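Participant: below are the sequence and a predicted model for it; my questions follow.
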Amino acid sequence: MDADTAVKVPNFDKPPPSRLPAFTLGPNLVEHQLPNGGRVKEIVWVTPDDVDAVLSTFQRQAVALPVFKEHEEAQGAFGAMTLERASDGGIDQVWTLSGTGAALVASGRWMFDSPEIILSAPDAQGRKHLREIRSGSLVNKPARTGSRPLLMAADRK
């Protein structure tokens, strides 16, 4: 395997990026955790109008969103995040981790980000659209296909 095709591994000596892709325009494959522990795959559609609506909802709140661990609010927040339009027109999360949150990532104990989302009812084509992002979370099972460990560059494709 040459250097261009080698599998990349996280760099535990560098801090995680603060800007993380949340959703791109078009279809985004996600998996939802079920109460019984199973997972179900679903497509979340994101249009420019959806991005405008999500960012408008966030801006009206006028406060950063919490970053939890495993989506468990009872443990408290391990940082905060804001939402911004991505250079490709989608949505990026901008994270600021607390010292404890940064230590969880640096240890390799929590490897991925996971935004908590609200979806629309299916439209006429049966598509569910992104309506809101309510929080972020440190997780080990990423819900979005193509997620990259937090200790790797968060480059968009």
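Facilitator: The structure has been received and is ready for your questions. Residues are numbered from 1 along each chain as shown.

Participant: so who does the spatially closest residue to residue 64 that is not a sequence neighbour touch?
Facilitator: Excluding the flanking residues, the one nearest residue 64 by C-beta to C-beta, 6 or more residues apart in numbering is residue 80, at 3.8 Å. To be clear about C-beta, it is placed using only N, CA and C from the backbone, and glycine gets the same treatment. Residues near residue 80 by C-beta atoms under 8 Å, 6 or more residues apart in numbering: 64, 65, 66, 67, 95, 96.

Participant: could you dump those into CSV with pLDDT, neighbour count and distance to residue 142 added?
Facilitator: Formatted as CSV, the contacts of residue 80 follow (pLDDT from 0 to 100; neighbours: other C-beta atoms under 10 Å; distance: C-beta to C-beta, whole Å):
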residue, pLDDT, neighbour count, distance to residue 142
64, 96, 17, 22
65, 97, 21, 18
66, 97, 17, 19
67, 96, 23, 15
95, 93, 26, 15
96, 94, 13, 20
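
Participant: just those now: which is nearest residue 50?
Facilitator: residue 65 (17.4 Å; C-beta to C-beta).
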